[in-house]
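**Q** The amino acid sequence is not available; the structure is as follows:
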């Protein structure tokens, strides 16, 4: 009788204990739901609730940008793989384990290149997001994480590497390298609209001709007498971007867009579309944001910008953000207008894009009497 009671007691305590998940349960390649949200419901077998679960999961996936989701997924996969190789469990969160992980990211023991401080911080953000989706809280201020990260910053931090700004003369030289076929008309409009609007490359290609034209569109464009009004959504939510007409048709972004739309016969769907091999018609398919990056690099080389540097270094200097930095640096207007155009939440972020614009404009040395 005593043995039976002890056995029952043992069974009760075992069934009530929360067993640790197996490594396969938090392997990113095994899990079907990246967010972990709505993984289980207290009402089994409810068909209507199952449909709502799928809808809710879809909304949850759209809570962060696609590129952010992809980066966070990579962060979790890397951390999970690192844990498996060392016989550790990624769940539940362990500040001590995470401190060891970021230390190893900064000083790898397997010959891999060390990660930058910004990448390590992004990794922590991705892991914190994944833990939150799984019902855990990661305290990044825990001393096992915070002190290690502070030491990494003190020892390895470097000034941020910023892309070169494309200035007014640069953008004019770049569009001069383009011809007047349909593909080049499209690319000219991309460069000028991206520059004058201070747009990210993802924002450029996500535009539609009209509102609600496509499911994957992130904005649309309206052309009026004074210029173009872009309504788009980005990191800071919905905003309107005004692009006024230029001083001449040759440099006007709105005129370039009108010419492209006219000859491409686009009045619905993605704004910037792929063009047929014979360069005669738009195909209806949305361009990838990588096209913008490749276009910038191609025209920078063709225009001979920064020809004092080897080609490989020139290619590294310029990217899609060079258009945004170029507008912020070249437009000699009040800072608040640039902040609004770029969609920045703070003036401090806008100043990061103004490459040396205000350098030595105010000479404090002379102002101090020296």
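**A** That came through fine. These numbers were taken from a predicted model, which means no experiment stands behind them.

**Q** helix/strand/coil for the nearest residue to residue 128 once chain neighbours are set aside?
**A** The shortest distance from residue 128 to any non-neighbouring residue, by C-beta to C-beta, 6 or more residues apart in numbering, is to residue 138 (4.4 Å). No exception for glycine: its C-beta is placed from N, CA and C like everyone else's. Three-state assignment for residue 138 (DSSP: H, G, I helix; E, B strand; the rest coil): coil.

**Q** Kindly report the same for residue 322.
**A** Strictly by three-state DSSP, residue 322 counts as helix.

**Q** sorry, back to before: quick one: the residue nearest to residue 128 and residue 322, what's the gap?
**A** 35 Å (C-beta to C-beta, to the nearest Å).

**Q** Looking at the two, which has the bigger crowd around it?
**A** Just comparing residue 138 and residue 322: by other C-beta atoms under 10 Å the higher neighbour count belongs to residue 322, 26 against 20.

**Q** Can you get me a residue count around the nearest residue to that one once chain neighbours are set aside?
**A** Using C-beta to C-beta, 6+ apart and skipping residues adjacent in sequence, the residue nearest residue 322 is residue 166, 4.5 Å away. Residues near residue 166, counting by other C-beta under 10 Å, number 29.

**Q** my guess is residue 166 meets residue 295, correct?
**A** No. Counting by C-beta atoms under 8 Å, residue 166 does not reach residue 295; the two are 11.7 Å apart.

**Q** Run through the stretch 251-370 of the chain and note the low-pLDDT ranges.
**A** 333, 344-345, 347-362 (pLDDT under 70).

**Q** which residues in it form helices?
**A** 253-264, 289-303, 311-317, 321-330, 335-342, 347-353, 364-367 (DSSP state H, counting those that start in this stretch).

**Q** looking at these, which is buried most?
**A** With neighbours taken as mean count of other C-beta atoms under 10 Å, those reach their highest mean count in helix 321-330, at a mean of 24.

**Q** From the chain's centroid, how far away is it?
**A** Here helix 321-330 is found 17 Å from its chain centre; the criterion is C-alpha atoms, centre = their mean, to the nearest Å.

**Q** all numbers from here: first residue = 30
**A** Let's use 30 as the start, then, which means that last one is helix 350-359.
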